[in-house]
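Engineer: Need a 3D model of the sequence below.
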Amino acid sequence: MLECASQEAAEVVVNAMDDKPFIALRLAGVPHLTVTGEGVFPTKGYVLVAMLLLAGNRRMSRQAVATLLWDDAPEEKALTNLRQLLVRIHRMWPYADPLVETNGPHLMAGPGSERSDLA
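Structural biologist: Residues are numbered from 1 along each chain as shown. From the prediction side, this is the model:
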């Protein structure tokens, strides 16, 4: 993988091995995702990935996550928002190794989350 010295250069770096865009997920400090040529990563997506990485077993229930991310919304609306967030995260992450995995009523930090500085 190619490395770059400045953030401007990071926006145009491509993985030389498979021509996929360079992606870096930074959760310490101001969260940001560097993706070349893609849309905006959802703000609550950073929070979700961080929560899962910091959870004791890197796993949380959907209900707990929805309540924490949308504490002022009714449970049904919060769960709908969570489903939409998961779709947006999946669309933004171009690698086969997902950031977040689902297992019934639980969410887990996926293998893609190992690219994070909190992993």
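
Engineer: give the contact list for Leu99.
Structural biologist: By Cβ atoms under 8 Å, 6 or more residues apart in numbering, the residues touching Leu99 are 25, 45, 49, 89, 93, 109-110, 112-113. Any C-beta I mention is one placed from the backbone N, CA and C, and that applies to glycine too.

Engineer: which stretches of this structure aren't confidently modelled?
Structural biologist: Scanning the chain for pLDDT under 70 picks out 1-22, 34-40.

Engineer: show me where it has strands.
Structural biologist: Using DSSP state E, the strands of the chain run over 23-26, 32-35, 59-61, 100-103, 106-109.

Engineer: Out of those strands, which gets nearest to Arg83?
Structural biologist: Closest to Arg83 of the strands of the chain is strand 100-103 (Cβ to Cβ; 9.8 Å).

Engineer: Report the distance from that closest one to the chain centre.
Structural biologist: Centre-to-centre, strand 100-103 and its host chain are 12 Å apart (Cα atoms, centre = their mean, to the nearest Å).

Engineer: picking that back up, let me know which of the strands of the chain is tucked in deepest.
Structural biologist: Of all those, strand 106-109 has the most neighbours on average by mean count of other Cβ atoms under 10 Å, namely a mean of 21.

Engineer: how near is Tyr46 to Arg58?
Structural biologist: Relative to Arg58, Tyr46 is positioned 16 Å away (Cβ to Cβ, to the nearest Å).

Engineer: start to end distance for stretch 109-119?
Structural biologist: Terminal residues of stretch 109-119 lie 9 Å apart, using Cα to Cα, to the nearest Å.
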